[in-house]
Structures are given as C-alpha cells and as structure tokens.
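S.K.: Next input, structure requested:
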Amino acid sequence: MKVKSTTYRIIICVLFSLMMHFSLVAQKDPEKVFEDNSKTEIDTIKVKINLDTLFKQKSYKKIINILSKKKIEDTLSFNEYILLSRSYGRIRKFVTGAVLTEEMISKALKQRDSANLLEALNLKAEHMIDLNQMEKGVRFCDSITPFFKKRDSSIFMRLCFKCGLFYKYNGQLKKAYNTYKKITQEKYRKLSLFKNNFGIILLDMEKYDEAINLIKESLELSKKEIPAAASLNVNYNNIANIYLRKKEYKKAEKYLDSAYGSLNERSRESSKKTIFSNYFDLYNVQGKTEMTFRFLDSMFRTNEKLLKNRVEEKVLSIEAANRKENTLVKRVIYVGDELKQTKKNILKGTLVLLSFIFILMLLVFFFKYRNIQSSYKKIVINQKLGGIKLNPNNISGSLTVMQNMIDTKNPKTVVFISRFSKLLRSVLEISRKTLIPLTEEVNSLKYYLQVQELENNSNFKFNINVDSELEFINPFIPPMLIQPYLEHIIRQYKDVKEEELKIEVTFTFENQQLSCMIKDNKEKDAYFRKEVMQEIEKTREVLKVFSKKLNMFSDIILNNRNVNNIEGTCININIPYKTEEA
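M.R.: Purely as a prediction, here's the structure:
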C-alpha cells in the first residue's frame, strides 16, 4: 500500500477546518447566562493557596485543576495565567499553554498593560519553541522588537534566549549570534542554558573551540544541580557533535555514550532522536554497518513516538475545545428548539468525523511504517546478496579450457560444453532468487564440480550426499553459499599431480537443523586459510540476514581434520531455511 503526501494534506486541512468550526459555533451562541444551582468546589473553599509554592514543588496538575475551576467561574490574574500556561507546558500540553498566552496577550492589549504584555510575549515564544514553530518564531521575534524599551531590558534579554534559537534553527546564524550578544546581564550569562545555547550557535558557525568551552561550562553547571539537570544529555550530545564534526571519533563516541547514559524519564524524545542521529552519523562514517542499522532502527522508533505524541497532543487540544464548548452550552440558553437540535447534530457529527479521521491517521502511519520496514529489509538483503556471484576468473578459465579442447579436438569437448552450459544456466536462474530449493543448489554444485573435474583431467574426485529426509522435505535455502569454498579448495590444488584431491559435500537434517559439511584431504597453506576466513566473514553476514528473516539459528565453522597424517579441511555450515509449506 503506497501512501501519498496528498493524503496527509487532506487530513490536516479537514482537521483544521473542524477546529475552526468549533470556534465559529461558540461565537454564534447567544450570550445569555443562566444561573446554575450547583456550585463547584472552588466556591466553597475560602483558603488562599500559594500557587508559586506549588509550582516550585512541580505540582503542575494540581495548579491546572485549581485554576481551571477558577477560570470557569471567575477571571484569572496575569500571574495565574502565567502559572497555568507554564504548568500545561511542563506536562507537555503545549497547544493548550499557547492558547492561554493568546488570551493573556488579548487581555493585556485591552487593558493597555505593557509590562504583562511583554511577559505574555515572552511566554508565547517559550511555547513556540516547544511546538517547534521555528519559522513562525522568526517572524514573531522580528515583529515584537518595537515593543521593548530600555526599561524592559531584563525581559528583553529573557526573550533573546528564545529568539536566538529561532534564528539559529532557521539558518540565520549571524542574527542568532548578534541576538545572544545582546544578553549582557551577568546573571543570565552565568546560566547553564545561556552557555549551552550560545555554544550550539558557535558550533554551527564552525567556531568549535569557543563552542566546546561554553558547552563544557554548561555541563559542569548542570552536574551541580540537585537533582541533576534533565539537560545533561543535551550537553553531552552537543559536545559529541563538535568532536564528530572535528572527526575526533573516539571522543565523540565517549560523549555520546555519556549522553545516552544520562537519559531518564524526564528526557524528551527529540533529545533521544538527536543522540541516535549522531550515533548513526558516527558509525556510518566509520563504516560500522551493523551499528549504523541499529541506530537507524532506533531513530525510526523514536520518530514513531514523536509522531504519536503530536497526534495525541492534537487530540487533547480538540478535547479541550470540546470541553470548553460543553461548558458554554451549560451557561447559555438556546433560542428555540430548532437551534438546540441543530447544535446537538453538529456536535455528534463532528465527534464521529473526528474519530474516523483519527483512526484513518493511525492506519496511514501504520502502513507507511510497515512499508518503510519492508523496503529496508529488501535493501539489506539485496546488498548482502550482491556479493554472491560466480567468480569471473573461474568462467574465464573454463572458456580458455574449452578453447584448448576445441583446438586439440579433444573427444571430451562436447561433454565439457554441455556441462558448462548447464552450470551457467543454473547460476543465472538461482542468482535472481532470494531462496532456492535444496535440489537446485545440489544440481548447481554438481555441474560446477563436473566442469572442474574435466578442467583438471580428473585430478580429483567428489561426492555429494543428501539426507533422505531432506529429499522428502526439499527446503528452500539461500543460494550459492557452498560453491565459493569448493572454488577455494580446487584453485589451490590445480597444479597438484601426485595425489588425488577428494572432496565430500554432505547435507544433513537433524533436530530441525539443516547442516552442510565440506571435507577435503589436502594440506593447507597460510594464503588459503586467509582467503577462506575472508569468505567465511562474508557468509556470516549473509547468514545473519537470513537468520533474522527466517527466525532460525545459523553459523559457519572452519575446522582441521587429519586424513592419513595429512591436514585437511572441514567446513560446517548451519543453514537457515524455510519449508515448501511455509
């Protein structure tokens, strides 16, 4: 199933129009307020609560519960708006927090309260960072500069923390640098946040030495916090990023390990994604394929969580709007039964449509993710199988032998040509497949050994044995796993005339495990062992892929054997397979 980008656009447009619809419905309601006989708990509690203390104690949900109830019955002060908005931000309901800041800005403009307006603008910038609205943030920072005067320098410098990041992530590095230079008060320049953020700006400007000094200072400050700051992993990761760019990979890996080790339940998924991305870049540039794929998979999983969180956040914001709508319904008398019925129908239809869209989005993301995983597996398998081919030198040698036989009118020429053509046809057929029947693999080996037997003037003998149970099952196995080892054995002994080379290939099936054993009777030299060990490493990579795909054990072992006091070779391969029924 292919999912096109237009599907996402349609879903987003429908979702946006529905949100607008909720807003319009609320505005069309008459503004007559009815008296509700039941009083909420907030009316009966006359005790003053120190909300600042609750915020310092991180009791964010308690603050939200108290102020939300108060907001229904009364208006909130600016300080209460700030606490409520920041509390939503701390529990990652950034959209709700951003909506509250818009209410604050509207209220401050109506009251012409410039001090609280600037505080609201600062808080809005904070939520825009949490929502990753970088381009919107740049426009926001450019538009609000006229609001600030010299007497507002402290609030302005706090805003510079956010605006500098907006410019940085939008690629306006010089502007980001100049913005952070405007933070001149010592109390802000000593903050861990300032040193880290200024450091990453310098990093992007390739001022690595200045950047690493600032971020290390930030790291030391974070370590001194009790409990340790949640930003420790960010500091470690930023330092690792610098060393990665400087191509000092050992130091980069050291700091990445520290970043990974400092992750905790308070760590953001975006921080995890950045760490996994740096791991991916580190191992990719070093050519460590297995580790690269491992962290690529971690990035996929983290992206899925981030996407899920965003969907849940949007659903929660819609539910909040829905609750607000229900509250308004309780406080408003509808004009006429027809308007009441229309309202109910619109609400029910909207909820059904929202549920359908949510389920559709989940299905879209599921199939998209499954297609990515499937494509990834196919690519990996094709890459691994790319190295499994018949040696071109072997084909060239066979053609040369054929030419000599034709020139000398050798009576075995016809037999040789027949066997060689069967070999080529067999190789061409099985090389296009991921898995082949065992019988095809055995036939291919026979054709190959028969051709080599004629090339070497019967200087060796071979025997291929297949367990009777395997002939009945006829499992499917990866192609051309055994042929390269036969090629190495034969190539070393082509010039041997004194003793006959004997090769024995045996396929066995025991305890649901398919094994192949390759034996010969010749002594080995160091060069041969080096070549075979290299071939074994390639085979292990292929076996690893198929073991994971087929959920089976596989391995390959090279052993020595003694036949008539002469060292021989014994290669044992445990082959993953699937049955014809599977």
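S.K.: Can you check my assumption that residue 515 lies in a strand?
M.R.: Yes: counting by DSSP: H, G, I helix; E, B strand; the rest coil, residue 515 is located in a strand.
S.K.: Could you report the neighbour count for the closest residue to residue 214 other than its chain neighbours?
M.R.: Once its chain neighbours are removed from consideration, residue 214 has its nearest residue in residue 199; the separation is 3.8 Å (C-beta to C-beta, 6 or more residues apart in numbering). All C-beta atoms are positioned from the backbone trio N, CA, C, and that covers glycine. Under the neighbour criterion other C-beta atoms under 10 Å, residue 199 is assigned a count of 24.
S.K.: Contact partners for residue 199?
M.R.: Residues counted as contacts of residue 199 (C-beta atoms under 8 Å, 6 or more residues apart in numbering) are 210, 211, 212, 213, 214, 215, 218, 238.
S.K.: Please apply the same query to residue 446.
M.R.: Counted by C-beta under 8 Å, 6+ apart, residue 446 has contacts residue 464.
S.K.: What score does it have for pLDDT?
M.R.: Residue 446 is assigned 89 on the pLDDT scale.
S.K.: for it, helix, strand, or coil?
M.R.: Under the three-state scheme (three-state DSSP), residue 446 adopts helix.
S.K.: ok, now how distant is it from residue 452?
M.R.: Look at residue 446 and residue 452: by C-beta to C-beta, to the nearest Å, they are 11 Å apart.
S.K.: With residue 537 instead?
M.R.: Taking C-beta to C-beta as the measure, residue 537 and residue 452 are separated by 24 Å.
S.K.: higher neighbour count, these two?
M.R.: Between residue 537 and residue 452, residue 452 has the larger neighbour count (other C-beta under 10 Å), namely 26 against 9.
S.K.: Identify the residues contacting the more buried one.
M.R.: Per C-beta under 8 Å, 6+ apart, neighbours of residue 452: 460, 486, 490.
S.K.: ok, now how distant is it from residue 500?
M.R.: Between residue 452 and residue 500 the distance, using C-beta to C-beta, works out to 13 Å.
S.K.: Residue 410 now?
M.R.: For residue 410, the distance to residue 500 under the criterion C-beta to C-beta works out to 21 Å.
S.K.: next one: residue 546
M.R.: 35 Å.
S.K.: more neighbours, the two?
M.R.: Legend: neighbour count by other C-beta under 10 Å for residue 546 and residue 500, higher for residue 546 (23 against 13).
S.K.: dump the residue contacts of that one.
M.R.: 381, 478, 552, 554, 576.
S.K.: what does residue 248 give?
M.R.: Per C-beta under 8 Å, 6+ apart, neighbours of residue 248: none.
S.K.: So what does it have for phi and psi?
M.R.: Phi and psi for residue 248, reported as degrees, to the nearest 10, are phi -100, psi 80.
S.K.: ok, of the contacts of residue 199, which one's closest to residue 111?
M.R.: Using C-beta to C-beta, residue 218 is the member of the contacts of residue 199 that sits closest to residue 111, with 38.8 Å.
S.K.: Which secondary structure elements does the helix or strand hosting that closest one sit against?
M.R.: Element membership of residue 218, judged by DSSP states H and E, is helix 208-224. Other helices and strands packing on helix 208-224, by 3 or more C-beta pairs under 8 Å, 6 or more residues apart in numbering; DSSP states H and E, are helix 192-204, helix 232-245.
S.K.: Would you state the strands of the stretch 401-550 of the chain in chain order?
M.R.: Listed in chain order, the strands of the stretch 401-550 of the chain (DSSP state E, counting those that start in this stretch) span 436-437, 460-466, 476-477, 501-510, 513-520.
S.K.: Pull the residues that contact the longest one.
M.R.: Translated: strand 501-510. Residues outside strand 501-510 that contact it (C-beta under 8 Å, 6+ apart) are 438, 442, 445, 449, 459-467, 469-470, 473, 482, 486, 489-490, 493, 514-522.
S.K.: cool, and the first one?
M.R.: The list of residues contacting strand 436-437 from outside it, by C-beta under 8 Å, 6+ apart, reads 430, 474, 475, 476, 477, 478, 479, 580.
S.K.: distance of the fourth one from residue 123?
M.R.: Separation of residue 476 from residue 123 (C-beta to C-beta): 63 Å.
S.K.: neighbour-wise, which of these two wins?
M.R.: Remark: of residue 476 and residue 123, residue 123 carries more neighbours, 24 against 21, as counted by other C-beta under 10 Å.
S.K.: Once you drop chain neighbours, what's closest to that one?
M.R.: Spatially, and ignoring its direct neighbours in sequence, residue 123 is nearest to residue 101 (5.0 Å; C-beta to C-beta, 6+ apart).
S.K.: my guess is that neighbour meets residue 125, correct?
M.R.: No: applying C-beta atoms under 8 Å, one finds residue 101 not in contact with residue 125, separated by 9.1 Å.
S.K.: if we can go back for a sec, tell me, what's touching residue 452 and residue 500 both at once?
M.R.: Taking C-beta under 8 Å, 6+ apart as the contact rule, residue 452 and residue 500 both touch residue 460.
S.K.: Tell me how far the longest helix anywhere in the chain lies from the chain's centre.
M.R.: Determined from DSSP state H, the single longest helix within the chain is helix 337-385. With C-alpha atoms, centre = their mean, to the nearest Å as the basis, the distance from the averaged C-alpha position of helix 337-385 to the chain average is 20 Å.
S.K.: tell me which helix or strand of the protein sits lowest on mean pLDDT?
M.R.: helix 41-44 (a mean of 41; mean pLDDT, DSSP states H and E).
S.K.: still on that earlier bit, tell me the buried residues within the contacts of strand 501-510.
M.R.: Buried by 16 or more other C-beta atoms under 10 Å: 438, 442, 445, 449, 459-460, 462, 464, 466-467, 470, 482, 486, 489-490, 493, 514-522, out of the contacts of strand 501-510.
S.K.: wait, doesn't residue 574 sit right on residue 547?
M.R.: No: taking contacts as C-beta under 8 Å, residue 574 lies outside contact range of residue 547: 9.2 Å.
S.K.: Number of residues surrounding the nearest residue to residue 454 once chain neighbours are set aside?
M.R.: Nearest non-adjacent residue to residue 454, counting by C-beta to C-beta, 6+ apart: residue 416, 4.8 Å away. Counted with other C-beta under 10 Å, the neighbours of residue 416 add up to 20.
S.K.: And residue 416, what's its pLDDT?
M.R.: Note for residue 416: predicted pLDDT of 78.
S.K.: same deal with residue 359?
M.R.: The predicted local distance difference test score for residue 359 is 90.
S.K.: And the one 4 residues further on, by the same measure?
M.R.: Confidence per residue is given as pLDDT, and for residue 363 that number is 87.
S.K.: That one and residue 301: what is the separation?
M.R.: With C-beta to C-beta as the criterion, residue 363 and residue 301 are 19 Å apart.
S.K.: same deal with residue 115?
M.R.: Using C-beta to C-beta, residue 115 is found at 46 Å from residue 301.
S.K.: before we move on, what about residue 535?
M.R.: When distances are taken as C-beta to C-beta, residue 535 and residue 301 turn out to be 35 Å apart.
S.K.: swap in residue 116?
M.R.: When C-beta to C-beta is applied, the distance between residue 116 and residue 301 equals 43 Å.
S.K.: Helix, strand or coil: sort out residue 573 for me.
M.R.: The local conformation at residue 573, judged by three-state DSSP, is strand.
S.K.: So it is in contact with residue 481, correct?
M.R.: Yes: because the distance of 6.4 Å satisfies C-beta under 8 Å, residue 573 is recorded as touching residue 481.
S.K.: which neighbours do these two share?
M.R.: Contact criterion C-beta under 8 Å, 6+ apart; residues bridging residue 573 and residue 481 by contacting each: 516, 539, 543.
S.K.: So what sits opposite the spatially closest residue to the first one that is not a sequence neighbour in the bridge?
M.R.: Taking C-beta to C-beta, 6+ apart as the measure, residue 516 lies nearest to residue 573, with 4.7 Å between them; neighbours along the chain are not counted. For residue 573, the beta-bridge partners under DSSP bridges are residue 516, residue 556.
S.K.: Can you report how many residues lie near residue 573?
M.R.: 22.
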